[in-house]
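Student: Generate a structure from the sequence data that follows.
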Amino acid sequence: MPAVTERIRDAIHRHGMISPRDGVLAAVSGGPDSVFMLHVLAGLQDELGFELKVAHLDHQFRGDESAADAEFVEDLAARLGLPCFTDREDVPRFLLSNAMSKQEAARMIRYRFLVKTSKLEYCQRIAFGHNADDQSETVLMRILRGAGPQGLAGIPPKRGGVIIRPILDIWRSEIMTYLDERDLDYRTDSSNLGTDYTRNRVRHELLPVLETYNPSIGRSLVNLGAMMSGVRDHYDRLTDDALLRVVKSSTIGQMALDSGTFAGYDVSLRRSVVRRVVGDLRPDLTALAFKHVENVLTLAARGEVRGAAELPGGVRVRLDHGNIVFSQGDGPPKIPTTELPVPGSAAFPEARLEIRSLVIPREDLGTIEFSRESDTVYFDLDELSLPLTVRPRRHGDRFKPFGMEGTKTLKGFFIDEKIAWTFREAVPLICNDDGILWVVGMRRADAAPVTEKTKRVLTISVHSTEAETEDR
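Tutor: Numbering: from 1, shown residues only. As a prediction, this is how the structure comes out:
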């Protein structure tokens with residue numbers, strides 16, 4: 001077994017990338033990195049006991065050249081005896097109505113295709129061909145941008161339990177040697193040869209200059225990324241704990257932090273909390289500059305009730321009666337009145353959420369742990385009148401919160417939960433002819449509870465449809 005293959009196998013074991021009987025979908029562009037990855041994984045699948053499949057998306061940026069890439073990948077997969085799934089997306093047309101860069105749009109659409117294909121083909125892992133040179137370039141680009149520990153950690157070898165990068169420790173020179181020695185063909189993307197994109201300029205112009213100062217600059221950058229990865233993981237754990245203590249309320253498009261609790265943390269952790277909150281509101285926001293985070297910390301320290309800070313991506317921060325309120329722009333869009341099928345779903349693309357209903361037998365539910373805030377609620381279906389409707393609030397709305405005596409105005413409930421008035425129109429309500437059944441994501445009503453006598457359980461859940469994007 002070649003030495004590079006042994007290193008890749010060791011990396012797979014070390015990071016827990018692949019388990020026996022996993023389905024692995026390899027994202028193959030046809031370039032040298034992904035061709036190398038595919039050949040190595042094909043040679044390891046019997047030993048490691050996984051099933052390998054191939055996926056390729058034609059972004060239609062380069063006309064006949066990109067169409068030829070797709071044909072090459074299909075032929076390669078056939079020669080290796082692997083199933084191959086290809087598709088075409090008119091990304092240039094998509095860009096006409098979306099304010100994104102070519103790279104961002106291509107990355108997002110490719111990721112959607114890969115996730116969809118992985119689900120349809122029962123693949124638990126999606127393998128990307130990022131290598132050590134990609135890692136060094138990424139760390140350097142983030143240094144230039146002024147990133148903190150999160151950014152300087154670079155590209156993770158495994159993300160979200162799905163994305164894996166088995167060749168992240170292999171250098172491009174090693175990849176080319178492997179391909180040349182075995183006379184393996186690959187495609188060359190002409191757009192990677194120019195200097196129109198920042199990454200290409202870093203690769204072709206900046207790194208060669210830095211190598212005159214330190215011939216091992218690539219290795220130094222990779223080592224820096226590895227060290228900062230440990231720092232990032234440590235701060236992630238601290239941030240998780242801090243958020244449990246500092247977040248007072250969270251709803252669609254808004255998150256409120258307790259000012260006093262927030263002020264009690266050290267400045268590094270306050271910065272990490274701010275970045276995490278903004279990331280939750282805008283998962284597609286790729287960069288939050290140091291100055292923006294400092295503006296939020298300054299605002300919180302001054303304690304000006306009417307003070308505000310504007311952040312990238314339309315995120316706004318303001319102080320409100322002891323709360324630091326992060327919100328998306330002027331507020332999320334108002335939820336339109338829509339029927340919720342039972343069973344079935346109702347989608348609200350502008351609010352980036354979907355509400356789903358499911359009917360299951362009581363014996364399949366197990367023990368229910370009720371909580372004040374949950375993304376899922378349960379009702380005794382036979383005790384409910386249908387149809388169900390998703391709607392925004394109305395003047396005079398009242399409901400009986402679960403576990404409380406008597407009714408409460410929805411306005412009073414929102415005030416108690418510290419929900420700013422500009423966001424109240426965006427909170428979905430699940431209703432029937434008897435009134436409000438669930439203030440979505442916040443509190444269910446004391447109606448049709450599930451008991452031992454229940455035969456059919458109606459579960460209603462809310463899901464974010466915010467597209468996750470791949471980091472390169």
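Student: Let me know the helix or strand that residue 378 is in.
Tutor: If you go by DSSP states H and E, residue 378 is part of strand 376-380.
Student: what's the answer for residue 270, then?
Tutor: Residue 270 is part of helix 267-281 when elements are defined by DSSP H and E.
Student: And the next helix or strand past that helix?
Tutor: Moving toward the C-terminus from helix 267-281, the next helix or strand (DSSP H and E) is helix 290-302.
Student: Can you check what angle separates that following helix from helix 267-281?
Tutor: Here helix 290-302 runs at an angle of 110 degrees relative to helix 267-281 (axes from the mean of the first three to the mean of the last three Cα atoms, to 10 degrees).
Student: follow-up on the earlier one: how far does the helix holding residue 270 sit from the chain's center?
Tutor: Put simply, helix 267-281 sits 16 Å off its chain's centre (Cα atoms, centre = their mean, to the nearest Å).
Student: do the same with stretch 265-280
Tutor: Counting by Cα atoms, centre = their mean, stretch 265-280 comes out at 18 Å from the chain centroid.
Student: For it, which outside residues touch it?
Tutor: The contact list for stretch 265-280, computed with Cβ atoms under 8 Å, 6 or more residues apart in numbering, reads 148, 150, 235, 238-239, 242-243, 246, 255, 257, 262-263, 285, 288, 293, 296-297, 300, 311, 313, 315, 326. C-beta coordinates here come from the backbone N, C-alpha and C atoms, glycine included.
Student: switch to 7 Å and redo it
Tutor: The contact list for stretch 265-280, computed with Cβ atoms under 7 Å, 6 or more residues apart in numbering, reads 150, 235, 238-239, 242-243, 246, 255, 262, 285, 288, 293, 296-297, 311, 315, 326.
Student: Please save the CA atoms from that stretch in CSV.
Tutor: Presented in CSV, the C-alpha positions along stretch 265-280 are these (Å, rounded to 0.1, in the frame of the first residue of the first chain):
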residue,chain,number,x,y,z
TYR,A,265,-17.9,36.9,31.0
ASP,A,266,-14.4,37.8,29.9
VAL,A,267,-14.0,39.8,26.7
SER,A,268,-12.8,36.8,24.6
LEU,A,269,-15.9,34.8,25.5
ARG,A,270,-18.2,37.8,24.9
ARG,A,271,-16.7,38.0,21.4
SER,A,272,-17.3,34.3,20.8
VAL,A,273,-20.9,34.6,22.0
VAL,A,274,-21.5,37.5,19.6
ARG,A,275,-20.1,35.6,16.7
ARG,A,276,-22.2,32.6,17.5
VAL,A,277,-25.4,34.6,17.8
VAL,A,278,-24.9,36.4,14.5
GLY,A,279,-24.0,33.0,12.9
ASP,A,280,-27.3,31.5,14.1
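Student: Looking at that stretch now, give me its mean pLDDT.
Tutor: Average pLDDT, stretch 265-280: 91.
Student: tell me which residues in it are buried?
Tutor: 265, 269, 270, 271, 272, 273, 274, 275, 276, 277, 278 (16 or more other Cβ atoms under 10 Å).
Student: by contact count, what packs against the longest helix along the chain?
Tutor: Determined from DSSP state H, the single longest helix within the chain is helix 217-246. Helices and strands touching helix 217-246, by 3 or more Cβ pairs under 7 Å, 6 or more residues apart in numbering; DSSP states H and E, are helix 132-145, helix 149-152, helix 207-211, helix 259-263, helix 267-281.
Student: got any ranges where this protein has weak pLDDT?
Tutor: Scanning the chain for pLDDT under 70 picks out the ranges 97-100, 190-196, 251-252, 284-287, 304-306, 329-333, 366-374, 418-423, 465-472.
Student: coming back round to it: closest to residue 177 out of the buried residues of stretch 265-280?
Tutor: residue 275 (39.9 Å; Cβ to Cβ).
Student: Can you tell me which of the buried residues of stretch 265-280 is nearest residue 383?
Tutor: residue 277 (38.8 Å).
Student: coming back round to it: between helix 217-246 and the helix holding residue 270, find me the angle.
Tutor: Using the same axes, to 10 degrees: helix 267-281 against helix 217-246 is 80 degrees.
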